[in-house]
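>>> Fold the following and give me the result.
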Amino acid sequence: MYLIYKLKYNNETIYIGQTKLTLKERKAAGYKHIPFFRECEIELIEETDDVSRERYWIEFYKNQGCNLYNKNGGDGVNIKEYQKEYQERYVEENKEKLLQYQKDYRNENKEYQKEYQKVYQKDYVKQNLNRRKEYYAEYRKKNKDRIALSNKKYREKNENK
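Numbering: from 1, shown residues only. Below you'll find the predicted structure:
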């Protein structure tokens with residue numbers, strides 16, 4: 001027995017699915033491809049032994065003008081495009097909440113961040129030592145006259161010291 005269900009977001013049908021699980025179990029299992037599906041209401045459309053009924057209901061709701069996000073069995077919105085749109089919309093709608101979260105996270109993890117920066121900086125310097133040496137050697141070659149003039153001015157200025 002299959003359960004054909006729909007997901008509703010803001011009272012709009014946005015997804016049609018089928019499962020052998022209970023609706024509660026299906027919703028708890030999550031939707032990896034579009035995270036906000038977890039926030040949707042789930043409603044039973046019908047119980048059936050006919051697996052093609054999902055396709056029927058997808059077509060039915062599309063004909064009703066619903067913009068479905070099914071990636072299989074329907075021609076709804078492209079999932080990758082929708083994910084990008086959703087992410088942008090989510091960030092815009094939750095700007096204050098996200099900024100507060102970042103602020104709280106930084107405050108709670110100050111010590112860890114300081115330690116991480118120390119370790120990272122040491123590793124970075126070690127890993128890039130030769131590259132830095134090459135860069136400075138090249139810089140000294142290109143700017144030989146300028147460096148000599150700068151050194152001469154410095155020596156004249158600080159002659160008495």
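>>> Point to the residue nearest the middle of this protein.
Centroid-nearest residue in the chain: residue 87, 7.5 Å away (criterion: C-alpha atoms, centre = their mean).
>>> Quick check: residue 16 vs residue 25, distance?
18 Å (C-beta to C-beta, to the nearest Å). In this view, the C-beta of every residue, glycine as well, is placed from N, C-alpha and C.
>>> which of these two has more neighbours?
residue 16 (27 against 10; other C-beta atoms under 10 Å).
>>> which element follows the helix or strand of the chain with the lowest mean pLDDT toward the C-terminus?
Sorting the helices and strands of the chain by mean pLDDT, DSSP states H and E puts helix 79-93 at the bottom, at a mean of 73. Remark: after helix 79-93, the chain's next helix or strand is helix 95-108, criterion DSSP states H and E.
>>> and that following helix, average pLDDT?
Per-residue pLDDT values over helix 95-108 give a mean of 88.
>>> Show me what that helix is in contact with.
91, 113 (C-beta atoms under 8 Å, 6 or more residues apart in numbering).
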